[in-house]
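quick one, structure for this:
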Amino acid sequence: MKRSLEYLRFHQGVENARLHVIRRPGGRLVYDWDEFDELTYHILDTYVEPSKRRQGIAKKMLETLFRRAKREAAVISTGMFLDDWKNLIPTLIYLAKKHEVRVVP
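Down below sits the predicted model:
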């Protein structure tokens, strides 16, 4: 499935979406979607290419998002069922405590 900001805005009805992509020579490594309203960052999707996983890339992207949320006194929402995020739950809990940011489903 092709994903782009236009796709997300059209199909999901998300107006304030931002796409973050980290690239290295040889192709796209990771992306995530987030949407910011006045009080909440919504993490809509996160992806790291299988060959680049377990290198801390997604954690670095989430770390950046948590720093922004703290600076702007915002809440972070995963917007997904916990089963979808089961591998990231320990990281989300760690970052929430570290940055003193509240995470909601």
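
every contact and neighbour count from this point should use C-alpha atoms.
Noted.

for the closest residue to residue 58 other than its chain neighbours, give the beta-bridge partners.
Nearest in space to residue 58, with sequence neighbours left out and distances taken as CA to CA, 6 or more residues apart in numbering, is residue 48 at 6.9 Å. When bridges are called by DSSP bridges, residue 48 pairs up with residue 30.

quick one, helices of this structure?
Counting by DSSP state H, the chain has helices at residues 5-12, 57-71, 89-99.

now those helices in JSON lines, with mean neighbour count and mean pLDDT?
Output for these, formatted as JSON lines (neighbours: other CA atoms under 10 Å; pLDDT from 0 to 100):
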{"stretch": "helix 5-12", "mean neighbour count": "13", "mean pLDDT": "53"}
{"stretch": "helix 57-71", "mean neighbour count": "17", "mean pLDDT": "84"}
{"stretch": "helix 89-99", "mean neighbour count": "15", "mean pLDDT": "84"}
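
list the contacts for residue 92?
residue 103 (CA atoms under 8 Å, 6 or more residues apart in numbering).

if you set the cut-off to 10 Å instead, what comes out?
Counting by CA atoms under 10 Å, 6 or more residues apart in numbering, residue 92 touches 59, 62-63, 66, 76, 78, 85, 98, 101-103.

just residue 56 next, same as before
Shown in contact with residue 56 (CA under 10 Å, 6+ apart): 48, 62.

tell me the phi and psi of it?
phi 80, psi 10 (degrees, to the nearest 10).

distance check, it against residue 69.
20 Å (CA to CA, to the nearest Å).

try residue 94
Residue 94 is 15 Å from residue 69, by CA to CA.

re earlier: in a markdown table: the helices of the chain, plus distance to residue 40.
Shown next, in a markdown table, are the helices of the chain (distance: least, CA to CA, whole Å):
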| stretch | distance to residue 40 |
| --- | --- |
| helix 5-12 | 17 |
| helix 57-71 | 8 |
| helix 89-99 | 14 |
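
what's the closest of the ones you listed to residue 42?
Checking the helices of the chain against residue 42 by CA to CA gives helix 57-71 as the closest, at 10.0 Å.

good, we can wrap up now.
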